[in-house]
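> this one's structure only:
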């Protein structure tokens, strides 16, 4: 079963089913109980900057041309609307498809079916997005959109939408989301073929999924997540609609997003887009899939879509109320919404439901982060220390620990913590770290809470 398989993998979901099988620990507060637990070393390990792994889902690139929409309404007054539609479509696709190579075309729509100038590096695009607007039923517009293989002229997707002109904005959002999903499917197909070619061809679906699960069981490290991702892609080459493989792929993307030190910002942003699309595709196949809802919520939260994340966690818990990961990440999401007081109780629930410790470093960080926001520095320091005992390379815990130590006047210890961070991640800029945490929420309460922490971090010489 997919749920139990992901749970065994140590991925971003606790999918064990049945209360009788969930280990329990005493229901004492995290600030006293957690600090007495022995540290686990299962999640140690960092990736040197020069030795960062390659992420298989991001290696292939597909070129996408977006042609101007045609105005077939017979009404020249509609031309401005059609041109605006094209411009907004390109803008939205650039925002949602950061892993795609997009090229807006000028003038008439291109002829298709001609051989590419080069089968490799010199080709301009692989797919063309085209569209037209025409009159529908009285008072309505009809928009026809297509994605075409530029080399074969074959349609890979076509959609039709009829609506009143005043409904353009929500319809355009729906069209863009669908086109984005179809383009990401094409990207996944290219990545799957590559994974199959590079060593997965001799293994079937079950074996590929089993290998991905076994790899993720070894801990949360960049090289492990990247290798597991390759096996999930090999599984998708065998079955593109396999929900377990789609959800597992989304989980590996979430691992990268939650550890931005593992790759360049562009790679992290691309993984965020692709992971959300993979989870959405899984849910289109299995709408009640708890694991997919949970990882979708994590990726929504990381992208600053906090309300969407809240709904995704609620859907996950409606299916499985004992899912520890959904409780923990929902509590973390609440902190970004300005409700940091909800985080520690949620983390305590997560730890009661999953006593295996495979995710306790993360839960402890979430608790320390919330306590720091609430200006309870001593408690946050204790929780950050426990988090780092389990995962010494946890960059977020290191920097926020430095802020908490500085807030309590322990400047020497704060400087030592910053030095450890710099040794692990010499190329990562703290300014990017700050922007990452600020971009996640527009809540005035949260921003007022987080600013003092970054003032401390900047004062420690991490402004650049």
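Ah, there it is. Predicted model, so just to flag it, every value in this text is computed and none were measured. Residues are numbered from 1 along each chain as shown.

> Helices along the stretch 151-300 of the chain, start to end?
Counting by DSSP state H, counting those that start in this stretch, one finds helices in the stretch 151-300 of the chain at the ranges 168-195, 205-216, 222-238, 243-258, 265-285, 290-302.

> right, and those helices - which one's nearest residue 413?
helix 243-258 (25.7 Å; Cβ to Cβ). Just so you know, the C-beta spots here come from the backbone N, C-alpha and C atoms, and that holds for glycine as well.

> which secondary structure elements does that closest one contact?
If you count contacts as 3 or more Cβ pairs under 8 Å, 6 or more residues apart in numbering; DSSP states H and E, helix 243-258 packs onto helix 2-9, helix 205-216, helix 222-238, helix 265-285, helix 290-302.

> Of all the helices of the stretch 151-300 of the chain, which one comes closest to residue 58?
Of those, nearest to residue 58 by Cβ to Cβ is helix 265-285, at 5.4 Å.

> what comes up buried for the closest one?
Going by neighbour count (16 or more other Cβ atoms under 10 Å), the buried part of helix 265-285 is 267-283.

> In terms of secondary structure, what does it contact?
helix 168-195, helix 243-258, helix 290-302.

> okay, the angle between that helix and helix 290-302?
If you take axes from the mean of the first three to the mean of the last three Cα atoms, to 10 degrees, helix 265-285 sits at 140 degrees to helix 290-302.

> Could you check the angle helix 265-285 makes with helix 243-258?
Going by the same axes, to 10 degrees, helix 265-285 makes 150 degrees with helix 243-258.

> how distant is helix 265-285 from the center of its chain?
6 Å (Cα atoms, centre = their mean, to the nearest Å).

> quick check: mean pLDDT across that helix?
Mean pLDDT, helix 265-285: 90.

> Could you tell me the angle between it and helix 168-195?
100 degrees.

> taking the helices of the stretch 151-300 of the chain together, which one is wrapped up most tightly?
Mean neighbour count (mean count of other Cβ atoms under 10 Å) peaks for helix 290-302 among those, with a mean of 30.

> how much distance is there from that helix to the middle of the chain?
Distance, centroid of helix 290-302 to centroid of chain: 8 Å (Cα atoms, centre = their mean).

> Compute the number of surrounding residues for residue 408.
Using other Cβ atoms under 10 Å, residue 408 has 13 neighbouring residues.

> Report the helix or strand with the lowest average pLDDT across this structure.
Sorting the helices and strands of the chain by mean pLDDT, DSSP states H and E puts helix 2-9 at the bottom, at a mean of 28.

> can you pull the buried residues of stretch 65-72?
65-71.

> Please, where are all the strands along the chain?
Counting by DSSP state E, the chain has strands at residues 63-66, 70-71, 101-104, 127-135, 141-149, 155-163.

> Between those strands, which one is closest to residue 387.
strand 101-104 (38.5 Å).

> Now do the contacts for the residue nearest to residue 341 when sequence neighbours are not counted.
Leaving aside its chain neighbours, residue 341 sits nearest to residue 374 (6.8 Å; criterion: Cβ to Cβ, 6 or more residues apart in numbering). Residues near residue 374 by Cβ atoms under 8 Å, 6 or more residues apart in numbering: 340-341, 449.

> Which single one of those residues is nearest to residue 414?
residue 449 (19.0 Å).

> I'd guessed the closest one sits against residue 340; true?
Yes. With contact defined as Cβ atoms under 8 Å, residue 449 reaches residue 340; the gap is 6.7 Å.

> More neighbours: which of those two?
residue 340 (24 against 18).

> and the gap between the more buried one and residue 394?
Applying Cβ to Cβ, to the nearest Å, the value for residue 340 to residue 394 is 19 Å.
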